[in-house]
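J.: sequence and computational prediction follow.
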Amino acid sequence: MALARIKTWNPGDILTAADLNAEFNNELNNPIALISPTTGVINFNNQAHTNFKMESLTVDPASATVGRLFFQTGRNQLEVDDGTIIRGVPTLSATGLSAGQIPVVSSSAQNQFLTIGMGTSGQVLTVTSSTSIPTWGAAAGAQFGSRVMGLIGTITSSQTATFAFDQAIVRTTGNTQSFQVNATSSFGLNLGTTGAGGRDTTPVFSSTFAHVYVITTGANSTAPAAIASTSPPPGGPVMPTSYSAVGYLGTFTYSSASTTFSAPQRVRGAWIYNDTRQNIVADGRSTTEATVNVASLVPSQALSYHAYFNALNNGSSAFVKIRVVSGSDYDTYSNTGASGGTTNVILRWPEIIPNVSQQFFYIWSIDPTATFGLQSDILGYRVANGGE
C-alpha cells in the first residue's frame with residue numbers, strides 16, 4: 001500500500017472539519033494507492049472482474065517470480081514466468097481463425113505463433129526446410145505398398161476361387177496411403193461375373209493369366225473382396241464404385257476360350273501350386289543346348305518356379321545339365337548314385353529355378369539312348385505378393 005496518513009494525531013488534538021475532510025479526501029482521491037502495491041494475497045472469491053487488462057511490457061523481465069503474467073507488446077502474446085524461463089502462451093487472431101487450422105511456431109520469430117490453413121483431401125504436411133513452417137502438398141506415395149500374410153487360396157478348374165488371409169496391407173488407388181486389413185472370413189471370386197467378386201471389366205479376358213487382387217472400401221474394412229484383372233502389378237484392376245484400396249494376391253493360369261481357370265491350383269503364401277503337375281518337357285534328348293519355354297505355365301510376374309525332372313539313359317557316363325542363362329550351368333545330374341544300375345539309369349530331382357525370361361535350357365553330354373531322355377513338370381511358382 002502506497003497511501004500515507006495526512007496527520008499524525010496526538011491525545012487532546014481537536015478534530016476540525018478541515019482535518020476530517022482531508023483524511024477522507026486522501027482515500028477518495030487516491031484509491032489505487034490505498035490498495036497498491038498489495039501486501040498480501042487478494043481473494044477474489046471466484047468473482048468476475050470485467051475489463052481486466054494484463055500488464056504490458058516491451059522487454060521481458062528477469063525470470064524470478066513463478067506465475068507472473070504479462071503481455072509482451074513486442075511479440076503480441078501473453079507470457080508467463082515459470083521461475084526459470086519466460087514461456088510464451090500461443091495467441092492467435094480470433095477474427096482470422098477457421099475450422100481445421102493448425103497452430104505452429106513462426107519461422108521468422110520463434111516466440112510467435114501462426115496458423116496453417118486446412119489442406120485438401122489426400123494432402124500431407126511436408127517439411128521443406130528446418131527453418132520453415134510445414135506446407136500442404138501431395139503425398140510422396142504409399143510407404144509400404146501392399147503385401148499379404150497367411151494367404152490360403154483354392155483355385156478350381158472352372159470359374160471360382162476362394163481366398164483367406166490373416167492380414168494384408170493394401171494401398172490406395174492413388175498410391176498415397178497404405179493401411180492394414182484383417183479378413184474375418186474367406187471371400188470368393190467368380191470369373192463369370194463383373195465387379196467386386198468377379199472380373200474388373202465386362203469383356204471376356206483374352207489372356208493366358210488372370211491377376212487376382214484383394215480390394216477394400218477403405219481403412220478399418222473387415223470385409224475385403226476379390227477381383228480379377230488382366231492388368232498385372234504394379235498396375236491394378238479397374239476399381240468398382242466405393243472401393244478405394246487394393247493389394248496383390250497372385251496370378252493364375254486362365255483360359256479365355258471358356259472364361260475359366262485353366263487348372264486347379266492351391267495358394268500358400270507367395271507360392272501357387274498346381275494340383276496336378278503340368279508337363280513341359282516330354283522327351284528331351286538334345287546334345288546341344290535346348291530352350292524350354294515355360295510361359296504357358298509360369299507367368300512373367302513369377303519370381304521363381306518349382307520344376308521336377310526325370311531323366312532315363314542307358315549310358316553310364318551320360319549326364320544332363322540344366323541352365324538358367326544360356327551357356328552357364330545351373331546344375332548337373334549324372335548317373336552316380338542313381339537307381340537302375342548301369343542300364344536304364346533313372347535320375348529324379350526337384351529344382352527351384354529363378355524365373356529368367358520364362359525359360360530354361362538343358363543339354364545332354366551324350367545321347368541318352370533310352371526309352372525317354374529328359375522329362376520336366378512344373379509343380380508351381382512363387383509370386384511377389386509379400387507373403388511367406
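T.: Cool, the structure landed. Residues are numbered from 1 along each chain as shown.
J.: F52 should be in a helix, yeah?
T.: No. Assignment of F52 by DSSP: H, G, I helix; E, B strand; the rest coil gives coil, placing it outside any helix.
J.: where does it land on pLDDT?
T.: Looking at F52, its pLDDT is 84.
J.: next: P234.
T.: 86.
J.: return the distance of it relative to R199.
T.: 20 Å (C-beta to C-beta, to the nearest Å). C-betas here are computed from N, CA, C, even on glycine.
J.: between the two, point out the one with more neighbours.
T.: More crowded of P234 and R199, by other C-beta atoms under 10 Å: R199, with 24 against 11.
J.: is it true that that one touches L191?
T.: Yes. With contact defined as C-beta atoms under 8 Å, R199 and L191 form a contacting pair (6.0 Å).
J.: anything in contact with each of these two?
T.: A228 (C-beta atoms under 8 Å, 6 or more residues apart in numbering).
J.: for F24, helix, strand, or coil?
T.: Per three-state DSSP, F24 ends up helix.
J.: typo on my end, G235
T.: coil.
J.: over to E27?
T.: helix.
J.: my read: it touches I6, true?
T.: No. Counting by C-beta under 8 Å, E27 stays clear of I6, with 9.8 Å between them.
J.: in the stretch 201-350 of the chain, what spans have low per-residue confidence?
T.: Within the stretch 201-350 of the chain, the ranges that satisfy pLDDT under 70 run 314-316, 335-345.
J.: the helices in this protein, which residues?
T.: Listed in chain order, the helices of the chain (DSSP state H) span 17-28, 31-35.
J.: what's the domain layout of this structure?
T.: Following automatic domain parsing, one finds the domains of the chain at 1-52, 69-93+100-138, 147-268, 276-382.
J.: dump the helices of the chain to JSON lines, plus distance to I42, mean pLDDT and mean neighbour count.
T.: Output for the helices of the chain, formatted as JSON lines (distance: least, C-beta to C-beta, whole Å; pLDDT from 0 to 100; neighbours: other C-beta atoms under 10 Å):
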{"stretch": "helix 17-28", "distance to I42": "18", "mean pLDDT": "86", "mean neighbour count": "12"}
{"stretch": "helix 31-35", "distance to I42": "8", "mean pLDDT": "81", "mean neighbour count": "11"}
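J.: let's have the ones you listed in a markdown table, adding distance to A307.
T.: Output for those, formatted as a markdown table (distance: least, C-beta to C-beta, whole Å):
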| stretch | distance to A307 |
| --- | --- |
| helix 17-28 | 108 |
| helix 31-35 | 98 |
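J.: looking at those helices, spot the one closest to S186.
T.: helix 31-35 (79.8 Å; C-beta to C-beta).
J.: kindly export that closest one (C-alpha atoms) in CSV.
T.: Provided in CSV are the C-alpha atoms of helix 31-35 (Å, rounded to 0.1, in the frame of the first residue of the first chain):
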residue,chain,number,x,y,z
PRO,A,31,-8.0,4.7,-4.2
ILE,A,32,-5.2,2.9,-6.2
ALA,A,33,-2.6,4.0,-3.7
LEU,A,34,-4.8,2.6,-1.0
ILE,A,35,-4.5,-1.0,-2.3
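J.: which strand runs longest in this structure?
T.: Across the chain, the strand with the greatest residue count (assigned by DSSP state E) is strand 271-284.
J.: packing partners for it?
T.: With contacts taken as 3 or more C-beta pairs under 8 Å, 6 or more residues apart in numbering; DSSP states H and E, strand 271-284 sits against strand 245-255, strand 265-268, strand 290-293, strand 304-313, strand 359-364, strand 374-382.
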